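Student: Sequence first, then the predicted structure, then my questions.
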Amino acid sequence: MRRAMNIVPGRSARLVLAVLPFLLIAFLYVSASAERRVANPNDKLLPPVSEMVASVTRLASEPDKRSGDLLFWSDTAASLTRLGTGFAVSAALGLAFGLVIGMLPMVTAGLAPLVAVLSMIPPMAILPVLFIVFGLGELSKVVLIVIGITPFLIRDLAMTVGTIPREQMIKAQTLGASTWQTMLRVALPQTMPRLLEALRLSIGPAFLFLISAEAIAAENGLGYRIFLVRRYLAMDTILPYVAWITLLAYVFDFALAKIARAGFPWAYVQEAR
């Protein structure tokens, strides 16, 4: 008997199955919006698609009267700059400490418990502390992202190093490799694919920390704009911004996946079978 768990859809069927939920969501939204507008022509909760398109077009193509900026693009640039900086710093710290903690037992004994405790601290709980220490500028927002995802990266990469077969380490030492050379030539190449996968898993939390910081103290950014217009119940702006943030996160995830598979194809041989 053919079981459902053994049915693998082809490329065309996979595409249809992937698009179908989005079409269903769009249909439900349009239907609900039309029903609410029939009951109340001034309803703001579920604006028609035409209103959202008009709002985004205005923000993306008409200069702001106060600043002269195209708000949609300036908000996007500000948020992506903060996110990119936080990601770069977190990746560097996560890789460095992850390798050291995973490779050196003495460092593992000293730092692993500390990193484990730090990873349990809710980053949003210390956001006021960051604003007090680093001010309300860009640094506090970047630091929040770094604090939010770096401990996770360190623990994940340290565990990845710990799963490298011991035989490889012994062979490298037998051939005369020092600890530093073993770390760079054996551990680092096998850790890089996992770093990219861990960064993919961190995209959602990173955006959460970014939007939260921008909502509290910022003069631009996607999160700032959403929380600025909420007082006017401007769902025709809020919903497109949320959709845009989601699209950006998906693009980042897709790009990291492509980079990982192009740069380290040997790590995904099992998936290709």
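Tutor: That came through, no problem.
Student: Find the helix or strand that the residue sitting nearest the centre point of the chain is a member of.
Tutor: Compute the mean C-alpha point of the chain, and by CA atoms, centre = their mean the closest residue is I203, 1.0 Å away. According to DSSP states H and E, I203 maps onto helix 188-216.
Student: And that helix, what's buried?
Tutor: For helix 188-216, a neighbour-count test (16 or more other CB atoms under 10 Å) marks 190-200, 202-203, 206-216 as buried. For the C-beta atoms, the positions are set from N, CA and C on the backbone; glycine is no exception.
Student: Flag the shaky bits of this protein, pLDDT-wise.
Tutor: For the chain, the stretches with pLDDT under 70 are 1, 270-273.
Student: for the lengthiest helix in it, packing partners?
Tutor: As assigned by DSSP state H, the longest helix anywhere in the chain is helix 71-103. Packing contacts for helix 71-103, counted by 3 or more CB pairs under 8 Å, 6 or more residues apart in numbering; DSSP states H and E, involve helix 49-61, helix 105-119, helix 138-162, helix 188-216, helix 222-229, helix 235-263.
Student: Can you list the buried residues in the third one?
Tutor: Judged by neighbour count (16+ other CB under 10 Å), helix 138-162 contains these buried residues: 138, 140-158, 160-161.
Student: again, but for the second one
Tutor: Of the residues in helix 105-119, T108, L111, A112, V115, S119 count as buried by neighbour count, 16+ other CB under 10 Å.
Student: So which of these is the closest to E51?
Tutor: Of all these, E51 sits closest to S119, with 42.9 Å by CB to CB.
Student: how close does the residue nearest to I149 when sequence neighbours are not counted sit to L80?
Tutor: Leaving aside its sequence neighbours, I149 sits nearest to S202 (CB to CB, 6 or more residues apart in numbering; 4.2 Å). Distance, S202 to L80, using CB to CB, to the nearest Å: 15 Å.
Student: Touching, V56 and P240? I think so.
Tutor: Yes: when contacts are counted by CB atoms under 8 Å, V56 is listed as touching P240 (4.7 Å).
Student: Neighbour count: those two, which is higher?
Tutor: For V56 versus P240, the count of surrounding residues by other CB atoms under 10 Å is larger for P240: 21 against 18.
Student: Contacts only, for that one.
Tutor: With contact taken as CB atoms under 8 Å, 6 or more residues apart in numbering, P240 is in contact with M52, S55, V56.
Student: and which of these is nearest I245?
Tutor: If you rank the contacts of P240 by distance to I245 using CB to CB, V56 comes first, at 12.9 Å.
Student: ok, that closest one - contacts?
Tutor: Taking CB under 8 Å, 6+ apart, we find V56 in contact with F72, T237, P240.
Student: Swap in 6 Å and give it another go.
Tutor: Shown in contact with V56 (CB atoms under 6 Å, 6 or more residues apart in numbering): P240.
Student: how near is it to M106?
Tutor: From V56 across to M106, the span is 55 Å (CB to CB).
Student: swap in V242?
Tutor: 47 Å.
Student: Reformat the buried residues of helix 105-119 as CSV; add distance to S33.
Tutor: Listed next are the buried residues of helix 105-119 as CSV, based on distance: CB to CB, whole Å:
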residue, distance to S33
T108, 55
L111, 53
A112, 52
V115, 47
S119, 42
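Student: May I ask which two of these are separated the most?
Tutor: Farthest apart among the buried residues of helix 105-119 - using CB to CB - are T108 and S119, which lie 15.1 Å from each other.
Student: which residues does A218 contact?
Tutor: Shown in contact with A218 (CB under 6 Å, 6+ apart): Y224.
Student: I'd like the helices and strands packed on helix 71-103 as JSON lines, with distance to P41 appended.
Tutor: Listed next are these as JSON lines, based on distance: least, CB to CB, whole Å:
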{"stretch": "helix 49-61", "distance to P41": "12"}
{"stretch": "helix 105-119", "distance to P41": "51"}
{"stretch": "helix 138-162", "distance to P41": "40"}
{"stretch": "helix 188-216", "distance to P41": "31"}
{"stretch": "helix 222-229", "distance to P41": "21"}
{"stretch": "helix 235-263", "distance to P41": "14"}
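Student: Out of those helices, which is closest to R36?
Tutor: Relative to R36, the nearest member of the helices and strands packed on helix 71-103 by CB to CB is helix 235-263, separated by 11.0 Å.
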